[in-house]
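> Next input, structure requested:
(chains A and B)
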Amino acid sequence: MLETIQMEYYLILSAVLFTIGTIGVLTRRNAIIIFMSLELMLNAVNLSLVAFSSYYGDSAGQIFVFFIMALAAAEAAVGLAIILSLFRLKKTVYVDEVNIFKW
Amino acid sequence: MELEYQFLLPLIIISVSSVAAVAFDAIWKNKNLNFSFSIFALLATLIAAAYTLTASNEAIDAIKAMALSDLISKHQIHFGGYSAYFDILFCLAGLLTIVAAKPFIKREYEEYNEFYSLILFSICGMMLISHSSSLLVLFIGIELMSIPFYVLAGFFRKSIFSVEASLKYFFLGAFATGFLLYGMAMLYGATGTLDIKEIGIIISQGEAIPIYLTLGIGLMLVGLSFKAAAFPFHQWAPDVYSGSPTVVSAFFATAGKAAAIVGFVIIAKEIIQFDVKSFQIADTARTAQLIIAFISAATMLIGNLTALVQKNVKRMLAYSSVAHAGYLLMGIVASNELGYTGIIFYISAYMFMQMGAFVIVSVFERNGNEKMSFDDYSGLYKSHPILSALMSIFMLSLAGIPPFAGFFGKYYLFLAAIKADFLWLTIVAVISSIISMYYYIGLILQMYFKEQTHGRLKSKVGMAKYTLLITAAAVIIFGIFPSLIVDLTYNFF
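Have a look, this model is predicted:
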């Protein structure tokens, strides 16, 4: 079944996901939701890498995806810790409530 | 095989020791042990890197001959030349930061051992960037550098300034990573390989798929400008630099920026290929060159103009570091030998002068965010003659006044831009340097010719004096003998 779907459709889906992620980061003010949007952006990239990889029959793109997943996990650990330490100090996760410097 | 391990040695030492630093911390809770271990590890890496830099020509030829077939790291890692040079530079920046940081974090906060291992990890990432010969390694390097940076920015976790800087750095850094990665995926889609050199060859043969290529180059430009804090994505830099602990900002603004620019050069040189004229993507390359030129011009103008109105010395230095990214991008626009040599020289000079200036701010700083406004520095000359003399050296060098190192860096970059027919860019650069004189010299006037108004500043230099002496000596030596670096680094890129 999979072979019948053209590569362009994967790329369009990936571009749409990436755009949703970007808009989410730019418009949402809840730190956790911004964080989810960032993960969505990375996963959109994974999708297009896998699509290209199967198009070229080259495994490098899929290996790249594993590295991206591992680094996304590391980023999640650090990011959640930062949000947690913000919550301990200010009792909020809304980024517009913490602008000592202007955003 | 043995030869490859010799050349890999700096990377092996730094990665093993940065993991070992965490393990040591878990076993022996000894603060001095971890400090000395980090110093030792960085020195060992530095020596190994110096060895690969000075390796005999036969060894370098041999490793280059093997590079395409026999190596474990084929298509992934670049050896010798500029990689080894930047290894040395990053290790030096790490050493200077660690030495200056020990008294600072002890005084301002509690000293945690994690600080040293985080610095080691981020240096490991920077070295991977400078060694990268594949998009994969470049990406891992950038992330390995950035993730410890997010933690370091929030290192004073009970200070809201620090946590906010960290949060902002994390969100915008991860956002930029998304763009960078999407750009890499598009380049992979356009050419079907991750090897940067091969991508360059495929592009110059005109076999890349144009739409993915254009998208890829555009998205990577966005991501890299974010990481290097260039206009229009520079706005995070002043906030992060002024919120983070001061020695950490010194590390971000010098080593972090240098690594981002090196990544930029590696990508721009192979993939954007400005000198290509004959085929389908010549227009794309020409447009990309013009875009980078505009980014460069806008970065230095905006950086210098906003630095002009700052009342806080740390924030002023943060904006000045934005402006310096603009000067460095001029070398990429010029993309000739002189431009690349100019970038290497200016990064080396900039690293020492900016580090010194930030460390002086950290010496006077009290309670996280106090005692760093221009008013606090008035009449400083009377109470701290040596520190104000050192600060004047750094300021004059940042302003680009001979005989200090900053002057020759600017000279080479401006000359390179003129040679590449970018006269207008040079004129903008000269104008913005003149603007920058106002606030750099203004700080010197404040220190020497104003009466003290806010009472005497207290300083506690401690071990930071070694950092200050080394940086000042380097600024003067490189200023008087620029050929030391230029002869060494010519034809590196």
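
> And the closest residue to chain B within chain A, how far from residue A:98?
Scanning chain A for the residue nearest chain B gives residue A:41, at 3.7 Å (criterion: C-beta to the nearest C-beta). Yep, even glycine has a C-beta here, placed from its N, CA and C like the rest. Plainly put, residue A:41 is 23 Å away from residue A:98 if you go by C-beta to C-beta, to the nearest Å.

> More neighbours: these two, which one.
residue A:41 (24 against 19; other C-beta atoms under 10 Å in any protein chain shown).

> Return the set of buried residues in the lengthiest helix in chain A.
For chain A, the helix reaching the highest residue count under DSSP state H is reported as helix A:60-90. Residues of helix A:60-90 classed as buried: A:60-61, A:64-65, A:68, A:71-72, A:75, A:78-79, A:81-83, A:85-86, A:89 (neighbour count, 16 or more other C-beta atoms under 10 Å in any protein chain shown).

> filter the residues you listed down to the ones close to chain B.
Counting by C-beta under 8 Å from any C-beta of the partner chain, the subset of the buried residues of helix A:60-90 that neighbours chain B consists of A:60-61, A:64, A:68, A:71, A:75, A:78-79, A:81-83, A:85-86, A:89.

> Can you tell me which of the residues you listed is nearest residue B:284?
Comparing those against residue B:284 with C-beta to C-beta places residue A:61 closest, at 22.7 Å.

> hang on, residue B:168 packs against residue B:239?
Yes. Because the distance of 5.7 Å satisfies C-beta atoms under 8 Å, residue B:168 is recorded as touching residue B:239.

> after the helix or strand harbouring residue B:407 comes which helix or strand?
According to DSSP states H and E, residue B:407 maps onto helix B:405-419. The first helix or strand that comes after helix B:405-419 along the chain, using DSSP H and E, is helix B:423-449.

> is stretch B:191-205 anywhere near chain A?
Yes. For stretch B:191-205 and chain A, the contact criterion (C-beta under 8 Å from any C-beta) is met by B:192-194.

> In chain B, which residue sits nearest chain A?
Distances from chain B to chain A, computed as C-beta to the nearest C-beta, single out residue B:178 as the nearest residue at 3.7 Å.

> Without its sequence neighbours, what residue ends up closest to that residue?
residue A:41 (3.7 Å; C-beta to C-beta, 6 or more residues apart in numbering or on different chains).

> model confidence over the helix or strand where that neighbour lies, on average?
Assessed by DSSP H and E, residue A:41 sits inside helix A:31-56. Computed over helix A:31-56, the mean pLDDT rounds to 92.

> Stretch B:244-258 too?
Across stretch B:244-258, pLDDT averages out at 91.

> and that stretch, C-alpha only, in PDB?
Only the C-alpha atoms of stretch B:244-258 are listed here, as PDB (Å, rounded to 0.1, in the frame of the first residue of the first chain):
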ATOM      1  CA  SER B 244      22.800  34.600  32.600                       C
ATOM      2  CA  PRO B 245      25.600  34.500  35.100                       C
ATOM      3  CA  THR B 246      28.200  36.900  33.800                       C
ATOM      4  CA  VAL B 247      31.000  34.400  33.200                       C
ATOM      5  CA  VAL B 248      28.600  32.100  31.400                       C
ATOM      6  CA  SER B 249      27.600  35.000  29.200                       C
ATOM      7  CA  ALA B 250      31.200  35.500  28.500                       C
ATOM      8  CA  PHE B 251      31.400  31.900  27.400                       C
ATOM      9  CA  PHE B 252      28.200  32.200  25.200                       C
ATOM     10  CA  ALA B 253      29.300  35.400  23.600                       C
ATOM     11  CA  THR B 254      32.800  34.200  22.700                       C
ATOM     12  CA  ALA B 255      33.000  30.400  22.200                       C
ATOM     13  CA  GLY B 256      29.300  29.900  21.400                       C
ATOM     14  CA  LYS B 257      29.300  32.600  18.800                       C
ATOM     15  CA  ALA B 258      32.600  31.400  17.300                       C
END
